[in-house]
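Enquirer: structure for this input, please:
(chains A, B and C)
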Amino acid sequence: MKHFFNEQPKDPNRRAFMAATAVGSAALAGGALVTPAAADATQERPNPLLVSTDDIDIAALPRMQQKLVAPPHAPEHTQVAEGGPKVIEVEMTIIEKKVEIDHDGTTIWAFTYDGTVPGPLIVCHQGDYIELTLKSHPDNELEHNIDFHAATGALGGAALTYVQPGEKVVLRFRALKAGTFTYHCAPGGQMIPYHVVHGMNGAVMVLPRDGLKDKHGEPIRYDRLYYIGEQDYYIPKDDAGQYKHYDSALEDFTDSLKAMRTLTPTHVVFNGAEGALAGDNAMTAKVGETVLFVHNQANRDSRPHLIGGHGDYVWETGGFEDDPAIGIETWFIRGGSAGVAIYTFVQPGIYAYVTHNLIEAVLLGAVGHVKVEGEWDDKVMKQVLAPTAM
Amino acid sequence: MKHFFNEQPKDPNRRAFMAATAVGSAALAGGALVTPAAADATQERPNPLLVSTDDIDIAALPRMQQKLVAPPHAPEHTQVAEGGPKVIEVEMTIIEKKVEIDHDGTTIWAFTYDGTVPGPLIVCHQGDYIELTLKSHPDNELEHNIDFHAATGALGGAALTYVQPGEKVVLRFRALKAGTFTYHCAPGGQMIPYHVVHGMNGAVMVLPRDGLKDKHGEPIRYDRLYYIGEQDYYIPKDDAGQYKHYDSALEDFTDSLKAMRTLTPTHVVFNGAEGALAGDNAMTAKVGETVLFVHNQANRDSRPHLIGGHGDYVWETGGFEDDPAIGIETWFIRGGSAGVAIYTFVQPGIYAYVTHNLIEAVLLGAVGHVKVEGEWDDKVMKQVLAPTAM
Amino acid sequence: MKHFFNEQPKDPNRRAFMAATAVGSAALAGGALVTPAAADATQERPNPLLVSTDDIDIAALPRMQQKLVAPPHAPEHTQVAEGGPKVIEVEMTIIEKKVEIDHDGTTIWAFTYDGTVPGPLIVCHQGDYIELTLKSHPDNELEHNIDFHAATGALGGAALTYVQPGEKVVLRFRALKAGTFTYHCAPGGQMIPYHVVHGMNGAVMVLPRDGLKDKHGEPIRYDRLYYIGEQDYYIPKDDAGQYKHYDSALEDFTDSLKAMRTLTPTHVVFNGAEGALAGDNAMTAKVGETVLFVHNQANRDSRPHLIGGHGDYVWETGGFEDDPAIGIETWFIRGGSAGVAIYTFVQPGIYAYVTHNLIEAVLLGAVGHVKVEGEWDDKVMKQVLAPTAM
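Expert: Purely as a prediction, here's the structure:
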């Protein structure tokens, strides 16, 4: 039994997926059961979760440009929306490029939005429109597109954003749900996971219009924001067990699919490469500052943990309409989602930000650092007796 | 150290597990610590979560038959209970059969409840009784039983429902907890995972008597219900790397256990086979309709995602007494559980329903489709500029 | 790119990690974006989650000794705090020892706190101080330390607790967050996961001062507490596929790292060895008793399930300030965390406590039992018809 989503494009560059979506409209599965609702069912009431679009005149909305920046940073934004809905214009260029991903010089032909893994963070408020101009660099070899989990319909916009090298496309969608959401390339068939595990993913943060709140409705604000993209790579090995290097994009296609089927990544890293957020590249903060961490994982489960700290407020699923978890040690990012943890630092020093499968953290690369300046508080922790012979 | 749960039955058909449960009653671990409660502990109060059985006269309860139907459909039911507790009579027949599970013709001897993977969905309301007549087809080769996660005691009924080929058994249990719950075969020792990963599992939905509610207590109702069973298969390969075919049930036992120990499935599919809910077999809906999706995974974690849509209300754990998550992109089904997502469609077109480890979705098979009819709303999404050369 | 957390110590016994934390203080990543807060942001208000330390005079606090006990038991404690914050003195001795982990006699050189896998449970109330005297047995070969997820700063105390064989150290920290929290050895680089998957982990339970509560604020109390540590082992095999035995600690280092990189454990067990909580070692309870289960998994995700029972109240993440989930079948423990489920037994008999990936449970070892005494209630479950020929 073959169907388009699983079908491997014979020519991976053709617009197989779009064409395929037009297939089968006359051949639906019959008999989908309409379950009888009880007499008191309130079928008529509007969906309370839906941001109304009825009285919106898009042409009349204010427009602003959001300049995207490289991770782990966020574009300038206000935490509480100023005024009503806007159209937020953003632009990203797809760039295929060979990058080093670990200290041994292992390489991958990364597929990137704007040249970084993950792609840049986009920030808006619930009810705003995001209007993306998506360009594919003329030097690219492959067809690409973008599926926004923050968007509604057309496979998250994937069906409307196919670009060949040298092309551009413009997509506008309304952010109906508040939360953090993954985006990723989804060109159809085996190309979907292939592109995603080559780095082609990022996140959108849709803030509630009145900002983040705790379960009592009290505002939660942050002083800094860091945006961590966790990437699982599946680098093929040669017969001698050495990681293979390739001369061009797509040359690793067959090898990669075989490696991916093991479901066992060779590398799990933050922001594209081992050490990209560690050591001299550490994130920074000060005692007393409140930091929001966005954690994006487009393909595989993760369990972020801040060694030496906690999540004061955590939206694991990224859903900002839910009550945040309070004061937890480790949170869980479902593969294909982005979540948020907020922490106010109370002690200075080095913190390690990891996924707390410690094998993945230490052996596969998923370690970042937060360097925090300030005064040590002995009332929180004290080495009462230094190591001493018994 | 050996004990019955891990012990491999010498004869996989014998009633090893039941016998074993009678062992060891006089040899308990001593010293289980009774932790002192503080003076204000309210040990005497009844458990508020327990549906009282004290004043029930089962013989006097009304009885109704629920005709089970093949997935992805649900039996007829009301969303709000009419009247008090009932005894709901259901019947299932265990059938061992060889089935194709992918487009390459790979086969497995599936162990099924009622001939389908997953077994049929059973629906009741909290406080109702489910009275199951479980039959094993005379052509079967193995001993089977059923462990209902919705039930309480006797290993979920597993200890009371062993049937040999040609036998039947009747079990009645009260649905004390509201939620969606896995059921599966659990004949003892290595036979437990072996049967489960051969397809022998399904789900029970126990609705609150007054129906589903949001966190404010407002009713949530659905127009359609789809029931997705995600199945992980571990198909053995021959020396040439080709999937092996077997002539009878149990012939793959040794090979299967070896493949299972890798914890890496060769196939992850919905409703028994790749494509069973995709393409011409797509689920259907209309713009404005509210659809409830039950997702069952009896053995392995999953992370359902509706490409192009969301979960408006999600009970990840299946527990209907908890507040549903709101407006999230991807939800998490713990291995050995069933959960629920509800979504009101606002755009027409094809949606893909996947587990969002995209390798599992596309390469291993976990893709379904929802085909939604209706009018496209440009205010939600618009392709402002079609792909154009820069 | 090398950095200390991923760097393999040339001499695994040296204090590489502590030294490393002093590196790089002058070379922070520039440009950490301070996101502008909206005008209404309440930056000045104190963090409501922080237990104040301002007016604490530690020297004047009452002190008590808590005698730690072997799992699955808990030290004596009150569920509601009596009086104000205390300093709770505990002592643990690190012991390296060879142990059998399955019924085939497979062995590992376990690294243990107090001789058990997991290490002992420590119990306190939020706001209390834990003052640990940590000793390393003179017969040990390796350097060890301890990272408390319950603690704040200095990598959870890891940076302040390095002990060589024959040394002791004393660490005091305040339990700022309420919940259950993993602790584990974290001596730096590859030694971190290596020690953790050799058994060197345990849990702290920090109760709210007024005890556990449901979402309505009503008290939840327990009659018994069992403490389950789930351990993933990665035992190297020889060329014949047999598990290897080693003559001393650290001899398996290279082999182990290779096995760990597969991310596929050979064993997943409770309390150190297959069967440690099963059969004659079963946990016990009585019908009507309320049992609290702490489930610790320091490295890898798990999904506990009580076969035949439920979680009446579940804190999956361990965070006691969150509303517990109600009446669920299976709960999820994020790798690197400890969580809690509470259940009041309503039927007698054998319950199996498993991780509900049934392959991991039955083939890899993660099965325990609870033997419950009392009167069977036919109104909850009844075998209406015993197995009978059709």
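
Enquirer: what about A:Thr112, helix or strand, and which?
Expert: strand A:107-113 (DSSP states H and E).

Enquirer: next: A:Ala259.
Expert: Using DSSP H and E, A:Ala259 maps to helix A:253-261.

Enquirer: can you list the buried residues in that helix?
Expert: Neighbour-count burial for helix A:253-261 flags A:Asp255, A:Ser256, A:Leu257, A:Ala259, A:Met260, A:Arg261 (criterion: 16 or more other CB atoms under 10 Å in any protein chain shown). Where C-beta positions appear, they are placed from N, C-alpha and C, glycine not excepted.

Enquirer: tabulate those (TSV), appending distance to B:Tyr226 and pLDDT.
Expert: Shown next, in TSV, are those (distance: CB to CB, whole Å; pLDDT from 0 to 100):
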residue	distance to B:Tyr226	pLDDT
A:Asp255	37	98
A:Ser256	33	98
A:Leu257	30	98
A:Ala259	34	98
A:Met260	28	98
A:Arg261	28	98
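
Enquirer: which one of these is nearest to B:Gly327?
Expert: Within these, the smallest distance to B:Gly327 is 30.6 Å, found for A:Met260 (CB to CB).

Enquirer: and that closest one, how far is that from B:Gly127?
Expert: 47 Å (CB to CB, to the nearest Å).

Enquirer: any idea how far the residue in the stretch 101-250 of chain A that chain C sits nearest to lies from A:Thr78?
Expert: Closest to chain C within the stretch 101-250 of chain A is A:Arg221: 4.1 Å, counting by CB to the nearest CB. A:Arg221 sits 11 Å away from A:Thr78, going by CB to CB.

Enquirer: can you pull out the helices in chain A?
Expert: Ranges of helices within chain A are A:16-21, A:191-196, A:253-261, A:358, based on DSSP state H.

Enquirer: any chance of the ones you listed in TSV, plus distance to chain B?
Expert: What follows is the helices of chain A, written out as TSV (distance: least, CB to the nearest CB, whole Å):
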stretch	distance to chain B
helix A:16-21	5
helix A:191-196	4
helix A:253-261	5
helix A:358	18
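
Enquirer: hey, least reliable of those by pLDDT?
Expert: Ranked by mean pLDDT, the helices of chain A bottom out at helix A:16-21, which scores a mean of 30.

Enquirer: number of residues surrounding the spatially closest residue to A:Pro62 that is not a sequence neighbour?
Expert: Spatial nearest neighbour of A:Pro62, excluding adjacent residues (CB to CB, 6 or more residues apart in numbering or on different chains): A:Lys86 at 5.0 Å. For A:Lys86, the count of nearby residues is 20 (other CB atoms under 10 Å in any protein chain shown).

Enquirer: can you report phi and psi for A:Lys86?
Expert: When read as degrees, to the nearest 10, the backbone of A:Lys86 gives phi -130, psi 170.

Enquirer: so what's it up against?
Expert: With contact taken as CB atoms under 8 Å, 6 or more residues apart in numbering or on different chains, A:Lys86 is in contact with A:Leu61, A:Pro62, A:Arg63, A:Met64, A:Cys124, A:Asp128, A:Tyr129.

Enquirer: against B:His125, how distant is it?
Expert: Taking CB to CB, one finds A:Lys86 at 46 Å from B:His125.

Enquirer: now do the residue in chain A that chain B sits nearest to, the pLDDT please.
Expert: Residue nearest to chain B within chain A: A:Gly336 (2.6 Å; CB to the nearest CB). Among the per-residue scores, A:Gly336 holds a pLDDT of 98.
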